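>>> Pasting a predicted model and its sequence here:
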Amino acid sequence: MATPLRFTSWTKALQAIALVVAVTLSMGAGNDSARFQDLSHRLMCTCGCAQMLGECNQMGCAESARAKAELTTAITSGKTDRQILDTFAAKYGATVLAAPTTKGFDLVAWIAPIAVFAAALMGTILLVRRWSAGRTQLPAEPANPEIDVLREQIRRETEAGIEGGF
């Protein structure tokens, strides 16, 4: 009898969590200013300042003001985010997008850094293995009484300097 009750309480808890997540994610979804902030940070300013449209801080930047007005008009006209980004890319070129698309040749911009890192990591691993494999143990030196006497003398002389100080 206790199991069905516990199951229903778990079910209700999961439903409550799902509701909280849904409400949290939907907050600001219809808000035009939130969409403007999001889209202005996904577009680059066309004035050449190499900053995102929402962050362009050049004094009197006419390009930024014009592009922001264009973006506001597109948002209020009811276009989707994808349509707005596609319109800007068609008008100003793909360089207006802050991140490359995941289609066609632009996909290389996403794959190349990962591939270069993986190749460098693999090369480093192979190089370390090659160095490790070439290492051999040095053969034990044959006992040489003259060298042993010299080593003992050096040890005594260096210990005397350390213990006695200056």
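On my side now, so go ahead.
>>> Would you agree residue 57 falls within a strand?
No: counting by DSSP: H, G, I helix; E, B strand; the rest coil, one finds residue 57 to be coil, located in no strand.
>>> What sits closest to it if chain neighbours are left out?
Using C-beta to C-beta, 6 or more residues apart in numbering and skipping the chain neighbours, the partner closest in space to residue 57 is residue 51 (7.0 Å). Every residue, glycine included, has its C-beta placed from N, CA and C.
>>> So that neighbour is in contact with residue 43, correct?
No: at 10.5 Å, residue 51 does not count as touching residue 43 under the criterion of C-beta atoms under 8 Å.
>>> Who has more neighbours out of the two?
Neighbours were tallied for residue 51 and for residue 43 using other C-beta atoms under 10 Å; the higher tally belongs to residue 43 (22 against 16).
>>> Tell me the pLDDT of the more buried one.
On pLDDT, residue 43 comes in at 90.
>>> hmm, back to that, which neighbours do residue 51 and residue 43 share?
Counting by C-beta atoms under 8 Å, 6 or more residues apart in numbering, residue 51 and residue 43 have no shared contacts at all.
>>> What separation do you get for residue 158 and residue 152?
Going from residue 158 to residue 152 by C-beta to C-beta, to the nearest Å gives 11 Å.
>>> Tell me which helix or strand the nearest residue to residue 74 once chain neighbours are set aside sits in.
Leaving aside its sequence neighbours, residue 74 sits nearest to residue 84 (C-beta to C-beta, 6+ apart; 4.6 Å). In this assignment (DSSP states H and E), residue 84 forms part of helix 81-92.
>>> quick check: mean pLDDT across that helix?
The pLDDT scores in helix 81-92 average 90.
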